[in-house]
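J.: Sequence first, predicted model second:
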Amino acid sequence: MEEDLQPEYGPKWSDQRVERMLGALVVFMVGLLLALIVVVVVNGWPSFAHNGLSWFTPGGSVDEELSEISQSAETGAGYIYTFHAWPLIWSTILIAGGAVVLGLVTALFISVFLVEFAPTWMSNILRPVVRFLASVPSVIYGLLGVLVLVPFIGNHLITEHQKASVAGIISLTGYSLMAAVIILTIMIAPLMVSIFTDALSAVKPGWIEGSLALGVNRWRTTWKIAVRAARPAIVAGTVLAIARAIGESVMLAMISGSTGFAPNPADGLIFIYEPSRPLAPTIVKSVDQLSSPPAKATLFAIATFLLFSAAVVSLAGALTRRAMRKYGAP
Amino acid sequence: MESSVTTPPPPERQGPTTPPSAKTKTAAVEGSATWSLLDRIGLAFCWFLGLLFCAIAAAIVIYLLIQGIKFLKPSELVTPAASGFTEGESGGFSDAFFGTLILGVMALGIALPIGVAIAVWLVEYGRPRPLARVTEMTIEAIAGIPSIVLALFGTVIFTSTALGFLSRTSEGVVFGRSYFAASSMLALEALPLIVASTREGLDAIPRHVREASYAVGKTKAATVRRILLPTCRPQIVTGGMLGVGRIIGDTAIIVVLLGATQNFAPVEGAPFPLNYLRGAGTSLTNFVYEASPTGNLNQPEKAYAAAFVLLLMVLALNAATDLVHRRARKAGTWSH
């Protein structure tokens, strides 16, 4: 060991030089992120510029608009940018929102169970299970959705009467909001569980013991003391889950139905059987049209929207966490 | 004064072996029999959800196991995909299988050194402070960027002529789809996991270890290289494995940046490994996506077989991560 110390860490690997090299790498990564934001926004700008605020509103059929946009590059009559993204945005809100709400409830109960109530043998099984569910690739979830859940919903849950009632508007095949929400919940709940359990087990034992000593039972103690103390981590986990749900593309491209349709909750419960297509899968599905400039601008505009919604969500999360810091949990 | 002598000494069980764990707690506290009905319903709901999760995981594994045994032929792992109308005629998915291995190795090869270097800078140097803060935010932001957005970003930078040497170029137009392109974007995806895990390892090393190293005359760089990085090797390995799991499971980046082919498409005129890496190709996730009923191939049996292989890889990775984790814990940490 001694002989290589002197030559290897001579002036060539001096501290200043190493620090400068590492610093340069760090600056490069920061620059890369800025470049990413700039590239995505600049490429998507034409679509926003042509549509203005109507980009975000409903109007016309999204799928027809998308195909007109991509074909307009070949006709030579000038590019068409007209695009109303509302059905895609609405589908993203419904699917991601539904999955996050369901996932939050599930993850809360499961992490409370894991940390406080599960017998050792049960938590020895449940912990690896949660880790496994978090690591299954999304395309496998998509495949199982397409080949198992979607046919089940299509054949057994949706009645012929329901199919007939909307036959003129949309065909119900099982590719639905419901399938998408169920599978997305299974995908994001484990992420939240792993963050929640860390926070719940980091709550100061004295707080819990104090509550128990006052005669409050373990169930209420857990919810009133531990879960409350862990609120900042619950916010952090939820933010992470929302970001994942918004950005999930491949699984949703496979099972959400791939129709630019906005299911309307006002129609009654049937809306959970209706197909739709969120923003991220739209990019995956139309990615071969990138060679057409207006289509490229539209796809990058969608990406800009995704990027900014993720940023807004995590900013809101950071502000909420800061406001909750007084609770003293991690 | 005398009484203070007779008081029992403070309990001596602060050692690392008996933390106030859940085990002792469960044994000591009352059962649910005295709770109100609502609380008991809540506990039952906990059990229900826990068992439901176990059932879902078991169903996924068992179902894919059955379908995998039914449809996976070992020959499919060495036969490239071919064009054909039935599932029997269309060959196997060897290119997808090897493509996944290539992507895992390449993307990790990019992400691991960068991730470790960033973690070292953040923990050991971290000056100026504002830059460290910005770097932390950058890593967090990269973790939050949807992979499809990374993929779109990749299409822009890898179709630029300056980076034409990383993919196929014909008549001045850069194709932009290659193993190089896909694995560098996948590396970004794995980076935050590696940084987080390495930081955790470095943070756990107490200050006196570094001071001991400086005291015997090692420079800071030498301390990092010879003391700190070897010490937190388990965490680095864990981060790398989590990263590989993310890499081989990603589909969006591969669909966009690797090409819509199911075979290797080597670039002519390049030396051996480079011609494949510069060319378009496929991976298991891409194959499953395309072979599913919603993809272009529609060969559900092969999709099941490929998904089974992919699941086995993920399970093996999980098991290996567990093993490293457990061994690291057994080797002991810096408790003093």
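T.: It's in. Numbering: from 1, shown residues only, chains lettered A, B, ... in the order given.
J.: Could you give the number of residues near whatever residue of the stretch 151-300 of chain B ends up closest to chain A?
T.: Going by Cβ to the nearest Cβ, chain A is nearest to residue B:249 of the stretch 151-300 of chain B, at 3.2 Å. In this view, the C-beta of every residue, glycine as well, is placed from N, C-alpha and C. Counted with other Cβ atoms under 10 Å in any protein chain shown, the neighbours of residue B:249 add up to 21.
J.: Please tell me how far it sits from residue A:151.
T.: Noted for residue B:249: a distance of 24 Å to residue A:151, by Cβ to Cβ, to the nearest Å.
J.: so what's residue 101 scoring on pLDDT?
T.: Defaulting to chain A. Per-residue confidence (pLDDT) for residue A:101: 96.
J.: my bad, chain B
T.: The predicted local confidence for residue B:101 is 94.
J.: quick one: it from residue B:202, how far?
T.: 30 Å.
J.: And these two? Which one has more around it.
T.: Counted by other Cβ under 10 Å, residue B:101 and residue B:202 do not tie: residue B:202 has more neighbours, with 21 against 13.
J.: What helix or strand is that one located in?
T.: helix B:179-204 (DSSP states H and E).
J.: Return the set of buried residues in that helix.
T.: Neighbour-count burial for helix B:179-204 flags B:179-199, B:201-202 (criterion: 16 or more other Cβ atoms under 10 Å in any protein chain shown).
J.: cool, stretch A:122-137 as well?
T.: A:122-123, A:125-126, A:129-137.
J.: hang on, the earlier thing: now do the helix holding residue B:202: which elements does it pack against?
T.: Secondary-structure packing of helix B:179-204 (3 or more Cβ pairs under 8 Å, 6 or more residues apart in numbering or on different chains; DSSP states H and E): helix B:94-120, helix B:129-144, helix B:147-158, helix B:233-249, helix B:252-257, helix B:272-278.
J.: out of these, which comes closest to residue A:92?
T.: Closest of the helices and strands packed on helix B:179-204 to residue A:92 is helix B:147-158, at 12.4 Å (criterion: Cβ to Cβ).
J.: What angle do helix B:179-204 and that closest one make with each other?
T.: Relative orientation of helix B:147-158 and helix B:179-204, computed by axes from the mean of the first three to the mean of the last three Cα atoms, to 10 degrees: 120 degrees.
J.: and the next element down the chain from helix B:147-158?
T.: In N-to-C order, the element after helix B:147-158 by DSSP H and E is strand B:169-170.
J.: Name the nearest of the buried residues of stretch A:122-137 relative to chain B.
T.: residue A:137 (3.2 Å).
J.: Could you check how many residues crowd around the residue in chain B that chain A sits nearest to?
T.: Among all residues of chain B, residue B:146 sits closest to chain A, at 2.5 Å; criterion: Cβ to the nearest Cβ. Residues near residue B:146, counting by other Cβ under 10 Å, number 24.
J.: Dihedrals phi and psi, it?
T.: When read as degrees, to the nearest 10, the backbone of residue B:146 gives phi -60, psi 140.
J.: That one reaches residue A:278, doesn't it?
T.: No: at 11.0 Å, residue B:146 does not count as touching residue A:278 under the criterion of Cβ atoms under 8 Å.
J.: in the chain, which ranges drop under the pLDDT threshold?
T.: In the absence of a named chain, this looks at chain A. A:1-12, A:326-330 (pLDDT under 70).
J.: oops, chain B please
T.: B:1-30, B:84-85, B:88, B:260, B:331-336.
J.: Which strands and helices lie in contact with the longest helix along it?
T.: Secondary structure assigned by DSSP state H gives helix B:37-71 as the longest helix of chain B. Contacts defined by 3+ Cβ pairs under 8 Å, 6+ apart place helix B:37-71 against helix A:86-112, helix A:120-135, helix A:138-144, helix A:218-221, helix B:300-331.
J.: can you do 6 Å?
T.: Judged by 3 or more Cβ pairs under 6 Å, 6 or more residues apart in numbering or on different chains; DSSP states H and E, helix B:37-71 is in contact with helix A:86-112, helix A:120-135, helix B:300-331.
J.: That helix to helix A:86-112, inter-axis angle?
T.: 110 degrees.
J.: what does the stretch 101-250 of chain B put close to chain A?
T.: Residues of the stretch 101-250 of chain B that fall close to chain A, judged by Cβ under 6 Å from any Cβ of the partner chain: B:117-118, B:121, B:125, B:134-135, B:138, B:141, B:144, B:146, B:148-149, B:152-153, B:156, B:219-222, B:245, B:249.
J.: how near is the residue of chain B closest to chain A to residue A:193?
T.: Using Cβ to Cβ, residue B:146 is found at 22 Å from residue A:193.
J.: try residue A:156
T.: 30 Å.
J.: So for these two, which residue has more residues nearby?
T.: Neighbour count, other Cβ under 10 Å: between residue A:156 and residue A:193, residue A:193 has more, with 28 against 9.
J.: quick one: the more buried one and residue A:110 touch, right?
T.: Yes: here residue A:193 reaches residue A:110: they are 5.3 Å apart, a contact under Cβ atoms under 6 Å.
J.: Next, count neighbours for residue 90.
T.: I went with chain A, as the question did not name one. The burial count for residue A:90: 17, using other Cβ under 10 Å.
J.: Correction: the question concerned chain B.
T.: By other Cβ under 10 Å, 18 other residues sit near residue B:90.
J.: Which phi and psi values does it adopt?
T.: Taking degrees, to the nearest 10 as the convention, residue B:90 sits at phi -90, psi 20.
J.: Residue B:269 too?
T.: phi 80, psi 10.
J.: tell me the contacts of the residue of the stretch 101-250 of chain A at minimum distance from chain B?
T.: As assessed by Cβ to the nearest Cβ, chain B sits closest to residue A:247 within the stretch 101-250 of chain A, at 2.5 Å. Contacts for residue A:247 (Cβ atoms under 6 Å, 6 or more residues apart in numbering or on different chains) come out as A:280, B:146.
J.: How about residue B:224?
T.: So residue B:224 contacts B:120, B:124 (Cβ under 6 Å, 6+ apart).
J.: Ok, residue B:57 next?
T.: With Cβ under 6 Å, 6+ apart, residue B:57 has these contacts: A:129, A:132, A:133.
J.: change it to 10 Å
T.: Taking Cβ atoms under 10 Å, 6 or more residues apart in numbering or on different chains, we find residue B:57 in contact with A:125, A:126, A:128, A:129, A:130, A:131, A:132, A:133, A:136, A:186, A:190.
J.: Not counting residues beside it along the chain, what's closest to the spatially most central residue of chain A?
T.: Centroid-nearest residue in chain A: residue A:245, 1.7 Å away (criterion: Cα atoms, centre = their mean). Residue nearest to residue A:245 in three dimensions, not counting chain neighbours: residue A:96, with 3.8 Å by Cβ to Cβ, 6 or more residues apart in numbering or on different chains.
J.: which residues does the one you found contact?
T.: A:180-181, A:184, A:188, A:241-248, A:252, A:278-280, A:309, A:313.
J.: For PyMOL, what selects the buried ones among these?
T.: Listed next is the PyMOL selection for buried residues among the contacts of residue A:96, using 16+ other Cβ under 10 Å:
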select buried, chain A and resi 180+181+184+188+241+242+243+244+245+246+247+248+252+278+279+280+309+313
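J.: wait, what's in contact with the nearest residue to residue A:36 once chain neighbours are set aside?
T.: Distance criterion Cβ to Cβ, 6+ apart; nearest residue to residue A:36, sequence neighbours excluded, is residue B:153 at 4.8 Å. Each residue near residue B:153 by Cβ under 10 Å, 6+ apart is listed here: A:32, A:35-37, A:39-40, A:43, A:300, A:303, A:307, B:145, B:185, B:188, B:253, B:256-257.
J.: ok, residue B:153 to residue A:173 distance?
T.: 34 Å.
J.: thinking again about what came up before, could you list the buried residues of the longest helix of chain B?
T.: B:39, B:42-43, B:46, B:49-50, B:53-54, B:57, B:60-61, B:64, B:67-68, B:71.
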